[in-house]
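Asker: Next input, structure requested:
(chains A and B)
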2 protein chains.
Amino acid sequence: METRVDSEFDRALRLAERSCTPGVYDADLDEGWWIGGALHGGYLMALCARALGLRLPEHPDPLTVGAFFLSGGRPGPATVATEVVRRGRSLSHGAAVLSQQDDEGRRERLRITAAFHDQGADGGEYVCSPPPAPMPPPDECPPMPRHLERTDLFDRIDLRIDPDTLGWHRGEPSRRGEVRGWVRLADGRDPDPLMLLVALDALPPVTLDFGLDGYAPTIELTAHLRARPVPGWIRVRHATRALAGGYVEEDAEAWDESGRLVAQSRQLVRVPRA
Amino acid sequence: METRVDSEFDRALRLAERSCTPGVYDADLDEGWWIGGALHGGYLMALCARALGLRLPEHPDPLTVGAFFLSGGRPGPATVATEVVRRGRSLSHGAAVLSQQDDEGRRERLRITAAFHDQGADGGEYVCSPPPAPMPPPDECPPMPRHLERTDLFDRIDLRIDPDTLGWHRGEPSRRGEVRGWVRLADGRDPDPLMLLVALDALPPVTLDFGLDGYAPTIELTAHLRARPVPGWIRVRHATRALAGGYVEEDAEAWDESGRLVAQSRQLVRVPRA
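Answerer: Okay, here's the model as predicted:
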C-alpha cells in the first residue's frame, strides 16, 4: 500500500508560511475533524508538529510532543507561530502556538513544545516494551458508536472498538477504565508520526468506562513517538492509573501491524461533572 | 511537624523580580543540588513552577507541569522569565524559561509550561488510584548508595531505597525496570507540590535496573500534582513500560503518609550508551 499523495489528512495539514514573518504559518482548520464541541485535539497537535518539522529539517521525526490545550479549535483560519528553541547534534527543540481570531479577539487554542530527532529506518533495539493489547481483528470490531451529537471525525478516521470494551455503550461500564480499538485514516493514507498523534487521542475517553458521560476536556497531553509505523492499522489501548480529585490521567499505547510499540501518550483530562 | 520557615529548600528557591522587567526573576542556583554532571532537574522544575506561581496567585496549586530539559544547570546566577498564557475561571496557564550565561552565551536550561488551579484542602474524591507501593518502612531501607562521583543532592534530600530494588548496586539488576524508595527533605521542611516535583525525580533511573550504567539525561518530564501531601515521607515508585530505540519512558508515582496518591510523572530519558 502506498501513501496517496492527495489525502484528506494531508490537505487538512496544509500550511502557508508568511513571507513577511518567517516561521509563522497560516492554516485553514478542516471542519471534518469536529468531535463533540470542538475540533479534534490530535489533529491540532499534528498541525503544530508539522509546522515545527518544517523549521527543523535536520531532524525529521518528532520524538516527544507536549501539548497544553487552552480553548476549543473551530473550523476556519488559524495561525501557527513557531519558535526554534535549540538545534542540537542528535535532537532539536521547538515550540509552536496555534491561535484563532474569535469574537473576543485572538485566542490561543494550544501550544506545544517538542523535541525532534532522526528516528532512522529501523528505530533501534527494543529491550522491553508491552506486547500488543489482545483484541479481535478489525473486521470483528464494530465501528465507534456515534454517541455524540456531531462526530464528523469518524468520517475522517476509521475507528473500530474492541467489543469487550464497549460495555459503557450498553449501559454496563466495566469500571476498569480501559478502551481498546483499531485506528486508520479513512482516506487510506499510511500512518506516520503525525497520524500517530491523531491515533493516540482517537479512542473515547476512559471516563465513559466509569459511567461518566459528558465533555471530558484534555488539559495536557504528552506523546512519545517511539518508531515509524509500517503501513496498516494502528492498535491502541487507553487505560488509566488514577481517576481522582476531578481529573483522570489517561495513558495510550499504540502498536503498528508489525506488533511494535510505535507511540505512547499520557494526558490529564477533567472528569465530566455528573 | 511544622514547616521550618528558613529551610535549605526554600532558600534555594529564592527569586527576586526585576523591577524593570516584571515577570523576570533572578535566582542563584544552589550547588547543593548537584547530582552526576548537573544540577537536579526536579529542583530546576520547582524553581520555575515557583516563579509561575508568583504570577498566578488566584490559582495557588500547580496541577500539571511539562518540562523540556535543554542543557545542564550549573550553580550560580540564573534567570527565570515567565509568561502568563491564560487566566481562566478554574485553571490558569503559564510558561517559564530558565536560562544561564555561560562561555558560549546565554543558554536555556529548561522551559516549562504549566496549568495551575486551586486544589482545595481535601483534593476531592478518589474513584480509583494505585495503592501505595508495598515496601519496608524508611528505617529498614538503606540510604541511596553514592554511586556517582558528586552526589551533593543526597545531603539535601533524605532518600532511602527499598532493598528489594537495589540489585543493580550488587551487580544483579533485576531487569524489571522498577525502583522504589522514600523521600523527604533533609532539612525537615514539609512536603508540598514544589517538593513533589523534586521527589518525582529523586530516585535513581530505571536504566540502572537494566544494568545500564552512565548518564541518562531526561529529555522531557511531565508531572501531575494530584493532591497536597500531608507532612511526612513521600513514597515513590519508578517503573517503565518501554525501553526501546535508545530511549526509556519512566513513570513515577508518589504517595504521602496518608496513603494517598499525591503525584504522578512520566519522563522520556535517553538510554546510556553501553
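Asker: From here on, just use CA atoms for contacts and neighbour counts.
Answerer: Noted.
Asker: Can you show me the CA trace of the lengthiest helix in chain A as CSV?
Answerer: In chain A, with assignment by DSSP state H, the single longest helix is helix A:41-55. Provided in CSV are the C-alpha atoms of helix A:41-55 (Å, rounded to 0.1, in the frame of the first residue of the first chain):
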residue,chain,number,x,y,z
GLY,A,41,-7.1,17.8,19.7
GLY,A,42,-4.8,15.2,18.0
TYR,A,43,-5.4,16.9,14.6
LEU,A,44,-4.4,20.3,16.1
MET,A,45,-1.3,18.7,17.6
ALA,A,46,-0.4,17.1,14.3
LEU,A,47,-0.7,20.5,12.6
CYS,A,48,1.6,22.2,15.1
ALA,A,49,4.1,19.3,14.9
ARG,A,50,4.1,19.6,11.1
ALA,A,51,4.8,23.3,11.3
LEU,A,52,7.7,22.7,13.7
GLY,A,53,9.0,19.9,11.5
LEU,A,54,9.3,22.4,8.6
ARG,A,55,11.6,24.5,10.8
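Asker: the inter-axis angle of the next helix or strand after that helix versus helix A:41-55?
Answerer: Heading C-terminal from helix A:41-55, the first helix or strand you meet, by DSSP states H and E, is strand A:61-69. Per axes from the mean of the first three to the mean of the last three CA atoms, to 10 degrees, the angle that strand A:61-69 makes with helix A:41-55 is 130 degrees.
Asker: picking that back up, could you name the helices and strands sitting against the longest helix of chain A?
Answerer: Packing partners of helix A:41-55 (3 or more CA pairs under 8 Å, 6 or more residues apart in numbering or on different chains; DSSP states H and E): strand A:61-69, strand A:76-87, strand A:92-102, strand A:105-117, helix A:193-199.
Asker: Report all helices and strands that the last one contacts.
Answerer: Using 3+ CA pairs under 8 Å, 6+ apart as the contact criterion, the secondary-structure elements in contact with helix A:193-199 are helix A:41-55, strand A:179-185, strand A:218-225.
Asker: Residues contacting the last one, please?
Answerer: Put plainly, it is strand A:218-225. Here strand A:218-225 makes contact (CA atoms under 8 Å, 6 or more residues apart in numbering or on different chains) with A:62-70, A:193, A:196-197, A:200, A:262-270, B:64, B:115, B:222, B:268.
Asker: switch the cut-off to 7 Å
Answerer: The contact list for strand A:218-225, computed with CA atoms under 7 Å, 6 or more residues apart in numbering or on different chains, reads A:62-69, A:193, A:262-270.
Asker: likewise stretch A:232-241?
Answerer: So stretch A:232-241 is contacted by A:133, A:177-184, A:190, A:206, A:249-257, B:129-130 (CA under 7 Å, 6+ apart).
Asker: all helices for the stretch 151-274 of chain A, in order.
Answerer: Using DSSP state H, counting those that start in this stretch, the helices of the stretch 151-274 of chain A run over A:153-156, A:193-199.
Asker: Of all the residues in the first one, which ones are buried?
Answerer: Think helix A:153-156. Neighbour-count burial for helix A:153-156 flags A:Leu153, A:Phe154, A:Arg156 (criterion: 16 or more other CA atoms under 10 Å in any protein chain shown).
Asker: roughly how far is that helix from the heart of the chain?
Answerer: 13 Å (CA atoms, centre = their mean, to the nearest Å).
Asker: What helices and strands are in contact with it?
Answerer: Helices and strands touching helix A:153-156, by 3 or more CA pairs under 7 Å, 6 or more residues apart in numbering or on different chains; DSSP states H and E: there are none.
Asker: hmm, who's touching it?
Answerer: A:Gly32, A:Trp33, A:Trp34, A:Ile35, A:Leu185, A:Ala186.
Asker: Could you rerun that using 8 Å?
Answerer: Against helix A:153-156 from outside (CA under 8 Å, 6+ apart): A:Glu8, A:Phe9, A:Gly32, A:Trp33, A:Trp34, A:Ile35, A:His40, A:Met144, A:Leu185, A:Ala186, A:Asp187.
Asker: I'd like those residues written out as JSON lines, with neighbour count added.
Answerer: JSON lines is the format used below for the contacts of helix A:153-156 (neighbours: other CA atoms under 10 Å in any protein chain shown):
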{"residue": "A:Glu8", "neighbour count": "17"}
{"residue": "A:Phe9", "neighbour count": "22"}
{"residue": "A:Gly32", "neighbour count": "19"}
{"residue": "A:Trp33", "neighbour count": "25"}
{"residue": "A:Trp34", "neighbour count": "23"}
{"residue": "A:Ile35", "neighbour count": "18"}
{"residue": "A:His40", "neighbour count": "23"}
{"residue": "A:Met144", "neighbour count": "20"}
{"residue": "A:Leu185", "neighbour count": "23"}
{"residue": "A:Ala186", "neighbour count": "16"}
{"residue": "A:Asp187", "neighbour count": "16"}
